[in-house]
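Undergrad: Curious how this folds, go ahead:
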Amino acid sequence: MDEDKKLSRRTLFGAGMGAAAAAGLAATPTLAAPVGAAPRQSSQRTDGTYETVPLAVDAWTLGVVQSRVMPVDAANPEKKRRSNVEHMCFLIDAAQSWGGKKDLLFFHEFPITGWDDSWDRKQAMRVAIDIPGPETEQLAKKARQYGCWLVFGSYARDPAWPGHLLSITTVMNDKGEIVARDWKARNIKGVFQGFELFTTTVHDVLDQYVEMYGWDAVVPVIRTPLGNLATSSLQREPEYFRALAMKGAEVILRTATGGFSRPDIQVTSLYNGVYTAVCNNAVSPDNGAFFEDSGGAGASAIYGPQGELLAEANSVMETPVEARIPIAAFRARHRQPNIHTELYVREYDAYRSRYPAGLFSTYQPSDGQDALRYLKDKSRWK
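TA: Alright, predicted model coming up:
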């Protein structure tokens, strides 16, 4: 394990691609190219089809675990992190003992570390986990015990990105192997009162990220024996989810903390013809400086390819949500979204986002207030 922690993201994932192939997984765009290999520019096809690997089953059960958010003590993070992971393991046991086997269990973005807007960078880096690390090793035992995939988010560190606080969604297969560590694609800026988020996202270091991992990793699709998966903690950025669908995402797993827009989740399925699940937090007692229900707990759900609601949480408490994914039948008829980019690609080319990419490449704010100060004059909009 100590030797594993010394591996950079690039080295780890380069080696991991061979292991994934041996396990029946494709070498996926989410994983960085092997050391010395030229990064792929895009895995998107131009004939309506998309890259896949053979399916292990014709249908499988997706379980969404709506669970609490419990921030750890930044001064002594190990104890609470361990408690949070033990609680995740309890919920995995509970989910697997109720209603039959779940082939994939999906948690929200902070079940291990929780979240606290008062943390500065040093505190948050102490709170963050290593991937792989003791927390993922404990969860891997549960994956192997039940033969199920696990998807969960966390604040994380990476030796390839010293000093950067990352928000990572980990995808672990039924053998307990980490097959993807998806970065958050971007943070929303200019909306919070008195602070800005200071985690590093793909957009914040875009040039460096592409240099290390290639453009294909910017919009990552994970090709697995359960189907093509994609993860994201973004809200209200439909273009990103359209891009995932264009590259062959069949099941999009979206995390949320503190609320989300139901229509935003639903139209991801409706507009792209894919399955979409959202995992939100439950009511969370002793949640730092926040109310137990911050106004946005609950409503975790799964939508089908026509935007139809397949299942939804029946309360704001900790609860499971599940639906059957008939992946073989779906794949037999599914194609890329049928859109007409010739009509509007020039408008996209001419558009400039409110904040430019790469703002954290040369400076990482020390805390939320420093991020607010740093970003104050960075907007390109009037």
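Undergrad: what about residue 227, neighbour count?
TA: Per other Cβ atoms under 10 Å, the neighbour tally for residue 227 reads 26. Using the backbone N, CA and C atoms, a C-beta is placed for each residue, glycine as well.
Undergrad: sorry, that was for residue 48
TA: Around residue 48 sit 10 other residues, with neighbours defined as other Cβ under 10 Å.
Undergrad: what does residue 362 give?
TA: Applying other Cβ under 10 Å, I find that residue 362 has 7 neighbouring residues.
Undergrad: Could you do the one 5 residues further on as well?
TA: Residue 367 has 19 neighbouring residues, counting by other Cβ under 10 Å.
Undergrad: thought it was touching residue 196?
TA: No: distance between residue 367 and residue 196: 9.6 Å, which falls outside the contact criterion (Cβ atoms under 8 Å).
Undergrad: hang on, residue 42 packs against residue 218?
TA: No: under the contact definition of Cβ under 8 Å, residue 42 does not touch residue 218, with a separation of 9.5 Å.
Undergrad: Can you pick out the residue with more neighbours from these two?
TA: residue 218 (18 against 14).
Undergrad: Next one, pLDDT for the closest residue to that one other than its chain neighbours please.
TA: Counting by Cβ to Cβ, 6 or more residues apart in numbering, the nearest residue to residue 218 once its immediate chain neighbours are dropped is residue 202, at 5.8 Å. According to the model's per-residue confidence, residue 202 sits at a pLDDT of 98.
Undergrad: isn't residue 202 right up against residue 183?
TA: Yes: applying Cβ under 8 Å as the test, residue 202 and residue 183 come out as touching, 5.1 Å apart.
Undergrad: Common neighbours of those two, please.
TA: residue 209 (Cβ atoms under 8 Å, 6 or more residues apart in numbering).
Undergrad: These two: which is more packed in?
TA: Remark: of residue 202 and residue 183, residue 183 carries more neighbours, 28 against 21, as counted by other Cβ under 10 Å.
Undergrad: chain center to the top strand by length along the chain: distance?
TA: Here the longest strand in the chain is taken by residue count, with DSSP state E as the criterion, and it is strand 149-157. Strand 149-157 has its C-alpha centroid displaced from the chain centroid by 7 Å (Cα atoms, centre = their mean, to the nearest Å).
Undergrad: Now the element after it, going C-ward?
TA: strand 166-172 (DSSP states H and E).
Undergrad: For the helix or strand following that next one, enumerate the helices and strands it packs against.
TA: Following the chain from strand 166-172 toward its C-terminal end, the next helix or strand by DSSP H and E is strand 178-183. With contacts taken as 3 or more Cβ pairs under 8 Å, 6 or more residues apart in numbering; DSSP states H and E, strand 178-183 sits against helix 9-22, strand 166-172, strand 222-224, strand 227-232.
Undergrad: Return the distance of the residue nearest to residue 157 when sequence neighbours are not counted relative to residue 181.
TA: Using Cβ to Cβ, 6+ apart and skipping residues adjacent in sequence, the residue nearest residue 157 is residue 128, 4.8 Å away. Distance of residue 128 to residue 181, computed by Cβ to Cβ, to the nearest Å: 13 Å.
Undergrad: Quick check: phi and psi on residue 311?
TA: Backbone geometry at residue 311, expressed as degrees, to the nearest 10, gives phi -160, psi 150.
Undergrad: Repeat that for residue 275.
TA: phi -80, psi 140.
Undergrad: Who is it paired with across the strands?
TA: According to DSSP bridges, the partner residues bridging residue 275 are residue 251.
Undergrad: pretty sure it contacts residue 307?
TA: No: taking Cβ under 8 Å as the definition, residue 275 is not a contact partner of residue 307, at 10.6 Å.
Undergrad: higher neighbour count, those two?
TA: Each of residue 275 and residue 307 has its neighbours counted (other Cβ under 10 Å); residue 275 has more, 25 against 17.
Undergrad: Next one: residue 230 from residue 243, what distance?
TA: When distance is defined by Cβ to Cβ, residue 230 is 10 Å away from residue 243.
Undergrad: Those two: which has the busier surroundings?
TA: Set side by side, residue 230 and residue 243 give different neighbour counts by other Cβ under 10 Å, the larger being at residue 230 (28 against 20).
Undergrad: Identify the residue nearest that one in space, chain neighbours excluded?
TA: Across the structure, with Cβ to Cβ, 6+ apart as the measure, the residue nearest residue 230 apart from its sequence neighbours is residue 249 (3.9 Å).
Undergrad: Am I right that residue 244 sits in a helix?
TA: Yes: when DSSP: H, G, I helix; E, B strand; the rest coil is applied, residue 244 is found to be in a helix.
Undergrad: out of everything not next to it in sequence, what's closest to it?
TA: residue 230 (4.5 Å).
Undergrad: which ones are touching the one you found?
TA: Remark: with contacts taken as Cβ under 8 Å, 6+ apart, residue 230 is in contact with 220-222, 244, 249, 251-253.
Undergrad: do residue 313 as well
TA: If a contact means Cβ under 8 Å, 6+ apart, then residue 313 has 64, 66, 280, 298-301, 319, 321 as its contacts.
Undergrad: Can you give me the pLDDT of it?
TA: The score at residue 313 is 97. That number is its pLDDT.
Undergrad: quick revisit: what's the farthest-apart pair in the contacts of residue 230?
TA: 220 and 251 (13.6 Å; Cβ to Cβ).
Undergrad: So residue 285 sits against residue 68, correct?
TA: Yes: assessed by Cβ under 8 Å, residue 285 is found in contact with residue 68 at 7.3 Å.
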